[in-house]
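Visitor: I need the structure of the sequence given here:
(one chain, ligands or ions: 1)
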Amino acid sequence: MKPILYNLTDTELTKFVTDMGLPRFRAAQIREWLARGAPDFASMKNLPADVRVKLDDMATPMPVRVVQKLQSADGATTKFLLELADGNKIECVLMRTTYGNSVCVSSQAGCAMGCRFCASTLLGLQRNLTTNEIMAQVLTAQWELRGDRGTSRPNGDPNNGDVSHVVIMGTGEPLQNTQNVIGFMERLNHDLGIGWRRITLSTCGIVPGIYNLIQWGRPINLAISMHAPTDELRSQIMPINNKYKLDDVLAAADAFTHTNNRQLMIEYILLGKKNANGEIELYNASPEYANLLADKLAGKNCMVNLIPWNAVDERDFASPSGNAVHRFQDILIKRGVHTRIRRERGTDIGSACGQLRLNNIKNKS
Ligand code: SAH
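Guide: Down below sits the predicted model:
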C-alpha cells in the first residue's frame, strides 16, 4: 500500500522526500499543504509538475479521500462521504452558521451502541478511527472553506473563514475511543488553534469515559445523549443504559461540569411511534415525560437541546408533530429548564447521523 504522507513524522517525511532524490525543503512544503488538508498532490502548487506526478504514483496525501460531497439547497451545509485507506467509509459535515464554521466529525467507523433510533449503528462497529483520521475530517472541511488559499476568502463569501467549532457528534461513540479522541482534541487546539470552549463531545453516557475526560482536564463542552428521563424508558431505546444507569451518567456529567465550570448540554430526541391506525403516538415526547425530565434536571446548569427525529427507514419511530414538540418545550420552560429546539441542517442531503454512509454501503451490496 502507498504510504499516507499525513501520517508520517517530520523525520519520516524528510527521508521519504530525500529517498526520491528531492531536496529536503520539499518535505516542509508538502507538510504545509497536508496541514491545510490538500486532498491531492496536484493542488500543491509550489512543487514542480513532474514532482507532483511522481508523488501521485508513490504516495497518498491524506488518510481520507472524498468520495461524495453533498451541498444543501441553502448552501449552508456540506456533507462529505469519505473513504479510509482500508476501504471503510465515514461521514463528516460542515455547517456554516452565524457564529462560525462548525464541523461534525465521526469517531468510529460504525458504532456498537445499538441505539434503536439511530442509523449509524445499524451495521455494527467496524473499527475505531485514528487521531489522524479524525483530524483529516476537519482538514477536509477546512480545505472546502479555504481551498488552496493560505488566507481567508473575501468578506461576504459564504466560504470565508476557518473551521471555528468542532462537534464530536458524528458516527461512533467517542468514549469507546477515548485516547484517540483526546489526541484529536489536543491536535485541534495545538495545530488549528481551536479553543477548548469551541469543542463539544457528545456521548451516550459511558461513565468511566466521562471520568477520563475529567482527569484530562480541558474545559470542552460535554453533551449527554439522554433521550429519556427514566431508566425504564431509556433502556428500551439505548442498550448502553443497562450498563450505565441514568443517575450515574448524570452524576459523572455533573462532576465534569463542576471541575470545568461549563454548562452541560443534554440532547433529547423527540420520538413518536405509529399505532395500528397509523396515528403517531408520543413515545418519549409526551407531557408526562416532559415533567419527568424537568424533575430529573431540576437545579442543574444545563441546556436541553430538543432534536426532532430525523427519519431512518429501518427504524419504526416517527417524528412527532411540531405542536407536540412545542408543547414539550413549553413544559420545560415553565419548569425553569433552559431549552431550545435544534435547527435541522441539511436534512435535504441526508445529513442525519450516518445515513449517507449507510445508503452507500447498502447500494454496494
Ligand atoms: N455516540 C455519541 C455521538 C454520536 S450520536 C452520542 O450518543 O452522543 C450524536 C447525536 O445524534 C446523539 O444525541 C444521537 O442520539 C443523535 N441521533 C442519532 N440518530 C438520530 C436521528 N435519526 N435523528 C436525530 N438525532 C439522532
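
Visitor: Show me the contact partners of the strand or helix carrying residue 258.
Guide: Assigned by DSSP states H and E, residue 258 falls within helix 246-260. Residues outside helix 246-260 that contact it (C-beta atoms under 8 Å, 6 or more residues apart in numbering) are 205, 207, 210-211, 213-214, 217-220, 222, 224, 226, 228-231, 234, 262-264, 296, 300-302. Every residue, glycine included, has its C-beta placed from N, CA and C.

Visitor: Give the rounded mean pLDDT of the helix or strand following it.
Guide: Next along the chain after helix 246-260, taking DSSP H and E as the criterion, comes strand 264-270. Strand 264-270 comes out with an average pLDDT of 97.

Visitor: which residues in the stretch 251-365 of the chain form helices?
Guide: Remark: helices assigned in the stretch 251-365 of the chain by DSSP state H, counting those that start in this stretch are 287-297, 322-334, 355-364.

Visitor: If you average the pLDDT over the second one, what comes out?
Guide: Confidence for helix 322-334, expressed as mean pLDDT, is 95.

Visitor: before we move on, what about the shortest one?
Guide: Averaged across helix 355-364, pLDDT comes to 71.

Visitor: just the first one next, same as before
Guide: Mean per-residue pLDDT for helix 287-297: 98.

Visitor: Could you export the helix or strand harbouring residue 65 as CSV, CA atoms only?
Guide: Using DSSP H and E, residue 65 maps to strand 64-71. Presented in CSV, the C-alpha positions along strand 64-71 are these (Å, rounded to 0.1, in the frame of the first residue of the first chain):
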residue,chain,number,x,y,z
VAL,A,64,-9.3,10.2,3.9
ARG,A,65,-10.5,10.6,0.3
VAL,A,66,-13.7,12.4,-0.6
VAL,A,67,-16.0,10.0,-2.5
GLN,A,68,-19.1,12.1,-2.3
LYS,A,69,-19.8,15.7,-1.5
LEU,A,70,-23.4,16.9,-1.0
GLN,A,71,-24.4,20.6,-0.7
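
Visitor: So which bits of that strand are buried?
Guide: Within strand 64-71, the residues scored as buried using 16 or more other C-beta atoms under 10 Å are 64-66, 68, 70.

Visitor: Drop anything exposed from the contacts of helix 246-260.
Guide: Taking 16+ other C-beta under 10 Å as the criterion, what is buried in these is 205, 207, 210, 213-214, 220, 222, 224, 226, 228-230, 234, 262, 264, 296, 300, 302.

Visitor: and the one residue in the stretch 1-150 of the chain that gets nearest to the ligand, how far is that from residue 50?
Guide: Closest contact between the stretch 1-150 of the chain and the ligand, by C-beta to the nearest ligand atom, is at residue 118 (3.6 Å). Remark: distance between residue 118 and residue 50 (C-beta to C-beta, to the nearest Å) = 48 Å.

Visitor: same thing with residue 204?
Guide: Here the criterion is C-beta to C-beta. By it, residue 204 lies 51 Å from residue 50.

Visitor: higher neighbour count, these two?
Guide: Between residue 204 and residue 50, residue 204 has the larger neighbour count (other C-beta atoms under 10 Å), namely 27 against 8.

Visitor: Looks like that one contacts residue 239 (just checking).
Guide: No: if you go by C-beta atoms under 8 Å, residue 204 and residue 239 don't touch, sitting 9.4 Å apart.

Visitor: Overlap in contacts, those two.
Guide: Shared contacts of residue 204 and residue 239, defined by C-beta under 8 Å, 6+ apart, comprise 113, 115.

Visitor: The ligand contacts on the stretch 151-300 of the chain?
Guide: Residues of the stretch 151-300 of the chain lying near the ligand by C-beta under 6 Å from any ligand atom: 169, 173, 202-204, 225, 267, 269.

Visitor: just the helices in the stretch 1-150 of the chain please.
Guide: With DSSP H, counting those that start in this stretch applied, the stretch 1-150 of the chain shows helices at 10-19, 25-35, 49-58, 131-146, listed in chain order.
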